[in-house]
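**Q** Give me a 3D structure for the following:
(one chain, ligands or ions: 1)
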Amino acid sequence: MIFHQTTLTDALLVEPEIRGDERGSFARTMCKSEFEQHGIRGEFVQQNTSVSAHKGTLRGLHFQLEPHTEGKFVRCIRGAILDVIVDIRQGSPTFMRHEGFELSAENHRMLWVPPGFAHSFQTLADDTEVTYLVTAAYAPDAERGLRYSDPLVGVEWPLPVTTISDKDANWPLLDGEPTFFRYAG
Ligand SMILES: Cc1cn([C@H]2C[C@H](O)[C@@H](COP(=O)(O)OP(=O)(O)O[C@H]3O[C@@H](C)C(=O)[C@@H](O)[C@H]3O)O2)c(=O)[nH]c1=O
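**A** Predicted coordinates for the structure are as follows:
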């Protein structure tokens, strides 16, 4: 696997090394020892998969409070997404900065979203399937979000939003710097 730094501290874009033969191909899509070498820590305890019917669907921006904070390892296995993450760890060198990554079934890219980031994606094609490993179990009481259109976050989404849950359309707007997480260094 090939690990690329991003503009955000601790977040990594990962490319699989695809080995082709007469049958098709083979690639690792998760490897504990390679992850550890690149600073990806935490045990994956759940795998989630979502299918979005319509291009322009937006999910996020999500995170869970301590002690349920999750790292996420995200892959798009059908269609395409713009995955957008925001570093909301107070004290981080990249606090409140965000970056978007196109992940698709075609480009095979994967994204490590560290704990303490808000995570979201918008689908760029109909019938898009996204699967991701997470390092903490689902804890609905600890679930929080940022509004996708929050001017203090400032994400420019590539498409008009066609479909969004009521929950995501109504996350409270920030009234200052978020204080959910502290960067540990
Ligand atoms: C996240 C989650 C949801 N659910 C349930 C709750 C609800 O009935 C249904 C759909 O949940 P949501 O609307 O929260 O699904 P969704 O908006 O797809 O939530 C996901 O969004 C992306 C961006 C993330 O980063 C994920 O961590 C997760 O928050 O599934 C679980 O049972 N387990 C889970 O781990």
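**Q** Quick one, grab the pLDDT at the residue in the chain positioned nearest to the ligand.
**A** Going by Cβ to the nearest ligand atom, the ligand is nearest to residue 138 of the chain, at 3.1 Å. C-beta: built from backbone N, CA, C; applies to glycine. According to the predicted model, the pLDDT of residue 138 comes to 98.
**Q** just use 309 as the starting number from now, easier for me
**A** Done: numbering now begins at 309, and the last item shifts to residue 446.
**Q** count of residues packed around it?
**A** Residues lying near residue 446 (other Cβ atoms under 10 Å) number 13.
**Q** Am I right that it is in contact with residue 370?
**A** No. Taking contacts as Cβ atoms under 8 Å, residue 446 lies outside contact range of residue 370: 10.9 Å.
**Q** In the sheet, which residues pair with the residue nearest to the residue of the chain closest to the ligand when sequence neighbours are not counted? Tell me.
**A** Spatial nearest neighbour of residue 446, chain neighbours left out: residue 354 (6.8 Å); criterion: Cβ to Cβ, 6 or more residues apart in numbering. Beta bridges link residue 354 to residue 442 when assigned by DSSP bridges.
**Q** I am assuming residue 354 contacts residue 442, so please confirm or correct that.
**A** Yes. At 4.9 Å, residue 354 counts as touching residue 442 under the criterion of Cβ under 8 Å.
**Q** and the two? which has more neighbours close in?
**A** A count of neighbours by other Cβ under 10 Å puts residue 442 above the other of residue 354 and residue 442, at 21 against 13.
**Q** Just give the number of residues close to residue 312.
**A** The local packing of residue 312 (other Cβ under 10 Å) involves 12 other residues.
**Q** what's near enough to touch it?
**A** Taking Cβ atoms under 8 Å, 6 or more residues apart in numbering as the contact definition, residue 312 lies against 320, 321, 322, 323.
**Q** what's the residue lying closest to residue 371 once chain neighbours are set aside sitting at in phi/psi?
**A** Using Cβ to Cβ, 6+ apart and skipping residues adjacent in sequence, the residue nearest residue 371 is residue 426, 5.0 Å away. With angles defined as degrees, to the nearest 10, residue 426 shows backbone torsions of phi -90, psi 140.
**Q** list the contacts for residue 426?
**A** Applying Cβ under 8 Å, 6+ apart to residue 426 gives the contacts 368, 369, 370, 371, 393, 394, 396, 453, 454, 461.
**Q** From residue 462, how far out is it?
**A** According to Cβ to Cβ, to the nearest Å, residue 426 stands 13 Å off from residue 462.
**Q** Check residue 420 too.
**A** Taken as Cβ to Cβ, the span from residue 420 to residue 462 is 23 Å.
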